[in-house]
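[1] attaching a predicted model along with its sequence, questions to come.
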Amino acid sequence: MRTLEMAVGTTLPELVIPLTPTMIISTALATRDFTPVHHDTEIARAQGSQDIFLNILTTMGLVERFVTDWAGPEALIRGINVKLGVPAYAGDTLTFSGAVAERDGDTCVVDVRGMVSLGPHATGTVRFTL
Amino acid sequence: MTGTQEAEGHERALRELADKIIAQGEGPRLLTPSPVDRTMIKHWAEAMGDANPRYQGPDAIAPPAMIQVWSMDGLKRGDRPRLPLDDMFEALDERGFTGVVATNCEHTYHRHLVPGEHLTSTTRMSDLSGLKKTALGDGYFVTWNVTWYAQDKPVAEMIFRLLKFRPREERCPSEERKPYPLRPAVNRDTAFFWEGARSGELRIQKCGDCGELRHPPGPVCPSCRSTERTYAVAAGTGTVYSYVVHHHPPVPGRETPFAVAVVELPEGVRIVGNVVDRAPAEVEIGMPVRVVFQAMDDELILPMWTPGSPDANA
């Protein structure tokens, strides 16, 4: 069992994810989301997007990864609550930052913010137990 | 028929349909297209770049955030039985609310899942908002809940909300990138605040000597008169201390009416900002709010306030 500072206010190490087309497409397919805007640039542009963009199931997965990368494999994720913001387009960079918001015994709540160049892509909380 | 009467007619018809669908409650429990599967977990973890050892090896568990993946139809979309929720979307489409953007996704996991488990799921619609004015256009927020079961016991839940909106008239690309007409005054005293907003932090000026927090920022500490200054990052929660609803005159770059609140932060200072995601008439003194950072154009990000505290959403 590793020791980790989890007091309220503790900040998590930043997670920087370059949003390559490979990343956008491989995660869309790994989440079984075949909607064309997540893998077909022409269709995405025709629908008014600037490029293909991350699907929501992946956003949820990356929010989870951001927290477990820091909290370690002992952490069991109990809930993820995300407010979705601007799209995370291919070619952009998604940067997660966060801090411990609540701590009650074995339960910990972390505030998470995922930013892209257009602004906040995902903001919310992750609850886990140790 | 005037525009207003037409809008009221839409609203009534949509509300009746929503009430009917909500009253139907949970639909049938359907087997998810995929059982919890070791190879899918491996592909998912690889694509996500997630090296968590719990998702590997003979004792692997499924990443909790994968829950919705087990329900995805894949390339055979359209094969699934029609849900009552589809009637809601169709009714919104018919009335011109064809745009769609997801706004909230909330997962609760009652226990972790392991490869080989078969899941069923049910869907029920839980809410249709009133007609809202949003940055994308007028629209309705639709909320539904999904519950996943394994051997008749609920194992996970999801609340999903999206906005169905009436797209605005097409604008030419040069117009879309037009800078927001109202710019904040940025100077050496306030630059830290706006830089914070750009990186998603609500920063409050702090005296470098006595440590007192103050807002709005200024050059001298009103308590100890020190000119040393730094800042603290606020939790981003607060309550509406007071507010006004602006109806008139028109404000460049804004649609009236809108609510502007004085928000009291738990850190002890008050800050002025717009309240979003709630009709101005529904804003109340004492209402818990949470900061959100809204991109006004390519450069400017303004902190604004949305209903709810982390507690209420947890």
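    Thanks, I have the structure now. Numbering: from 1, shown residues only, chains lettered A, B, ... in the order given.

[2] leaving out chain neighbours, which residue sits closest to the residue in the stretch 151-300 of chain B positioned nearest to chain A?
    Relative to chain A, the nearest point of the stretch 151-300 of chain B is residue B:295 (3.3 Å; CB to the nearest CB). Where you see a C-beta, it was placed from the backbone N, CA and C, and this is true even at glycine. Spatial nearest neighbour of residue B:295, excluding adjacent residues (CB to CB, 6 or more residues apart in numbering or on different chains): residue A:119 at 3.3 Å.

[3] quick one: strands adjacent to the one helix or strand residue B:155 maps to?
    Assigned by DSSP states H and E, residue B:155 belongs to strand B:153-165. Here strand B:153-165 has these sheet partners by DSSP bridges: strand B:99-109 (antiparallel), strand B:138-150 (antiparallel).

[4] got the buried residues for it?
    Neighbour-count burial for strand B:153-165, counted by 16 or more other CB atoms under 10 Å in any protein chain shown, picks out B:155-165.

[5] other SSEs contacting the longest helix seen in chain B?
    Of all segments of type helix in chain B, defined using DSSP state H, the longest is helix B:3-24. Contact partners of helix B:3-24 among helices and strands, from 3 or more CB pairs under 8 Å, 6 or more residues apart in numbering or on different chains; DSSP states H and E: helix B:84-94, strand B:120-128.

[6] got the buried residues of strand B:153-165 as a markdown table, with pLDDT and distance to residue B:115 columns?
    As requested, these are arranged in a markdown table below (pLDDT from 0 to 100; distance: CB to CB, whole Å):
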| residue | pLDDT | distance to residue B:115 |
| --- | --- | --- |
| B:155 | 98 | 14 |
| B:156 | 98 | 16 |
| B:157 | 97 | 21 |
| B:158 | 97 | 21 |
| B:159 | 97 | 26 |
| B:160 | 96 | 26 |
| B:161 | 96 | 31 |
| B:162 | 94 | 31 |
| B:163 | 93 | 36 |
| B:164 | 93 | 37 |
| B:165 | 89 | 40 |
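
[7] least trustworthy helix or strand in chain A by mean pLDDT?
    When the helices and strands of chain A are scored by mean pLDDT, DSSP states H and E, helix A:41-46 comes last with a mean of 88.

[8] residues in contact with residue B:248?
    With contact set as CB atoms under 8 Å, 6 or more residues apart in numbering or on different chains, residue B:248 has these partners: residue B:256.

[9] so what pLDDT did it get?
    pLDDT for residue B:248: 85.

[10] what's the answer for residue B:256, then?
    Reported pLDDT for residue B:256: 86.

[11] helix, strand or coil for the nearest residue in space to residue A:91 that is not next to it in sequence?
    Leaving aside its sequence neighbours, residue A:91 sits nearest to residue A:51 (CB to CB, 6+ apart; 6.1 Å). Classification of residue A:51 by DSSP: H, G, I helix; E, B strand; the rest coil places it in coil.

[12] residue A:51: neighbouring residues, count only.
    17 (other CB atoms under 10 Å in any protein chain shown).

[13] wouldn't it be in contact with residue A:45 here?
    Yes. Residue A:51 lies in contact with residue A:45 (CB atoms under 8 Å); the separation is 7.2 Å.

[14] quick one: contacts for the residue nearest to residue A:91?
    A:41, A:44-45, A:89-91.

[15] what's the answer for residue B:235, then?
    A:101, A:111, B:265-267.

[16] element containing it, please.
    Using DSSP H and E, no helix or strand contains residue B:235.

[17] what about the helices in the chain?
    Went with chain A since none was named. A:21-30, A:41-46, A:56-71.

[18] chain B, not that one
    B:3-24, B:38-48, B:84-94, B:173-176, B:191-198, B:310-313.

[19] need these in TSV (columns: mean neighbour count).
    Below are those laid out as TSV (neighbours: other CB atoms under 10 Å in any protein chain shown):
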stretch	mean neighbour count
helix B:3-24	14
helix B:38-48	19
helix B:84-94	16
helix B:173-176	8
helix B:191-198	17
helix B:310-313	15
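
[20] tabulate these (TSV), appending distance to residue B:111.
    Listed next are those as TSV, based on distance: least, CB to CB, whole Å:
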stretch	distance to residue B:111
helix B:3-24	28
helix B:38-48	16
helix B:84-94	27
helix B:173-176	46
helix B:191-198	39
helix B:310-313	21
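
[21] what's the closest of those to residue A:25?
    helix B:38-48 (9.0 Å; CB to CB).

[22] what's the closest non-adjacent residue to residue 76?
    The chain I'm using is chain A. residue A:129 (5.2 Å).

[23] hmm, no, I was thinking of chain B.
    In space, residue B:76 comes closest to residue B:33 once its chain neighbours are excluded; the distance is 7.9 Å by CB to CB, 6+ apart.

[24] re earlier: can you redo the buried residues of strand B:153-165 as TSV with distance to residue B:14?
    Below are the buried residues of strand B:153-165 laid out as TSV (distance: CB to CB, whole Å):
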residue	distance to residue B:14
B:155	33
B:156	30
B:157	26
B:158	23
B:159	20
B:160	19
B:161	16
B:162	15
B:163	14
B:164	10
B:165	13
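
[25] and of these, the nearest to residue B:52?
    For the buried residues of strand B:153-165, the nearest to residue B:52 is residue B:156 (17.9 Å; CB to CB).

[26] buried ones only from the contacts of residue A:51, please, as a PyMOL command.
    In PyMOL, selecting the buried portion of the contacts of residue A:51, with burial taken from 16+ other CB under 10 Å, looks like this:
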select buried, chain A and resi 41+44+89+90
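
[27] can you pull the poorly scored residue ranges out of the stretch 51-200 of chain B?
    B:77-79, B:169-177 (pLDDT under 70).

[28] all strands of chain A, in order?
    Ranges of strands in chain A, per DSSP state E, are A:15-18, A:76-84, A:93-104, A:107-116, A:119-129.

[29] residue B:76: which of those strands is closest?
    It's strand A:76-84; of the strands of chain A, that one is closest to residue B:76 (CB to CB) at 26.2 Å.

[30] can you state the direction angle for that closest one and strand A:119-129?
    For strand A:76-84 against strand A:119-129, the angle by axes from the mean of the first three to the mean of the last three CA atoms, to 10 degrees is 160 degrees.

[31] pull up the pairing partners for strand A:76-84, direction included.
    Strand A:76-84 has these strand partners (DSSP bridges): strand A:119-129 (antiparallel), strand B:99-109 (antiparallel).

[32] out of those, flag the one nearest residue B:10.
    strand B:99-109 (15.2 Å).

[33] in the closest one, what counts as buried?
    In strand B:99-109, counting by 16+ other CB under 10 Å, buried: B:99, B:103-109.

[34] per-residue confidence averaged over stretch A:68-83?
    So the average pLDDT for stretch A:68-83 ends up being 96.

[35] put the alpha carbons of that stretch into CSV.
    Taking Å, rounded to 0.1, in the frame of the first residue of the first chain, the C-alpha atoms of stretch A:68-83 are listed here in CSV:
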residue,chain,number,x,y,z
THR,A,68,-6.5,6.4,-10.9
ASP,A,69,-3.1,7.3,-12.4
TRP,A,70,-2.6,9.4,-9.3
ALA,A,71,-4.6,7.4,-6.7
GLY,A,72,-3.2,4.0,-7.7
PRO,A,73,-4.8,0.6,-8.4
GLU,A,74,-6.2,0.4,-4.8
ALA,A,75,-8.7,3.2,-5.6
LEU,A,76,-12.1,1.9,-6.6
ILE,A,77,-14.0,4.4,-8.6
ARG,A,78,-17.6,4.8,-7.3
GLY,A,79,-18.9,7.7,-9.3
ILE,A,80,-18.0,10.1,-12.1
ASN,A,81,-20.0,13.3,-12.6
VAL,A,82,-19.0,15.3,-15.7
LYS,A,83,-20.4,18.5,-17.2
